[in-house]
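**Q** Could you work out the structure for the sequence below:
(one chain, ligands or ions: 2)
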Amino acid sequence: MTDSHKNDKHKAAMEKQKTKVDNNIERADEERGVALLLTGNGKGKSSSAFGMVMRALGYGQKVAVIQFIKGEQLSGEEIYLREKCPEVAFYQMGTGFTWNTQDRSGDIAAAEKTWAFAKPLLQDPSIDLVVLDEITYMLAYKYLDEDEVVTTINQRPREQSVVVTGRGGGTALRDVVDTVSEVKDIKHAFTSGIKARKGVDF
Ligand code: ATP
Ligand code: MG
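**A** Ligands and ions are numbered 1, 2, ... in the order given. The predicted structure follows:
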């Protein structure tokens, strides 16, 4: 194929793509907050949620971050939000990884306490973005009532967006959110013996 042929073919493909995108933009006329589930076994779920936190903060929006599970190990996002963004409502369950605690009733109490912090934020129309990091595990272990979590997400204020992260998630959660993305594990540095890296992994 000559260069001119290649250019013509490319132009035609681009025009087709543009028509498709334009049509989709025209069709997407509903203006409201969105609910997202970021799931799957690959790395990048929480990082993506914190990317949205940064975007929202860039526009001066009000943000709340609630982390279920992680607690013993400090993370860069926690340090940053606590030190530099006191305006962000931040809460962490703080009992560490469940497989370290081996204390089911303690875990449930911690999960319920964390949910008690999260729930009113999911009912507060002044909050633009709520991150429920790793909450899927609380549903999988039945530490929290799935119905209540799903209903609260569904009935949140119209303009509020919510990002849920964690592996699994269940069909009720998938049904109630607008966007579901699965991060697929193709390979991970950890499996070839590379240590979790500050600023990359935590
Ligand atoms: P991140 O916070 O880096 O975006 P994540 O939220 O997608 O990761 P989690 O299941 O919450 O994934 O795990 C957090 C930690 O586990 C991170 O240090 C991450 O690098 C690591 N991790 C994530 N996926 C894998 C994997 N497939 N194999 C090994 N380690 C992983
Ligand atoms: Mg995560």
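**Q** Grab the longest helix from the protein for me.
**A** Longest helix of the chain, by residue count under DSSP state H: helix 3-27.
**Q** what's next to it, contact-wise?
**A** For helix 3-27, the external contacting residues (C-beta atoms under 8 Å, 6 or more residues apart in numbering) are Met1. From N, CA and C alone the C-beta is placed, and that goes for glycine too.
**Q** mean confidence score for that helix?
**A** Mean pLDDT, helix 3-27: 86.
**Q** Any residues of this protein in contact with ligand 2? List them.
**A** Within the chain, the positions near ligand 2 by C-beta under 5 Å from the ion are 45-46.
**Q** could you redo the last one with a cut-off of 8 Å?
**A** Within reach of ligand 2 by C-beta under 8 Å from the ion, the chain has these residues: 45-47, 49, 70, 133-134, 165-166.
**Q** right, and out of the residues you listed, which lies closest to Phe117?
**A** Of all the residues of the chain next to ligand 2, Asp133 has the smallest distance to Phe117: 12.8 Å, by C-beta to C-beta.
**Q** quick one, phi psi at that closest one?
**A** When read as degrees, to the nearest 10, the backbone of Asp133 gives phi -80, psi 130.
**Q** Just the ones of the residues of the chain next to ligand 2 in helices?
**A** Using DSSP H, these in helices are 45-47, 49.
**Q** which of the residues of the chain next to ligand 2 count as buried?
**A** Taking 16 or more other C-beta atoms under 10 Å as the criterion, what is buried in the residues of the chain next to ligand 2 is 45-46, 49, 70, 133-134, 165-166.
**Q** I'd assumed Asp107 was in contact with Tyr143.
**A** Yes: at 6.0 Å, Tyr143 counts as touching Asp107 under the criterion of C-beta atoms under 8 Å.
**Q** count of residues packed around Ala56?
**A** When neighbours are counted by other C-beta atoms under 10 Å, Ala56 registers 19.
**Q** can you pull the contacts of it?
**A** Applying C-beta under 8 Å, 6+ apart, the residues near Ala56 are 63, 128-129, 161.
**Q** For ligand 2, see how far away Met1 is.
**A** Going from Met1 to ligand 2 by C-beta to the ion, to the nearest Å gives 46 Å.
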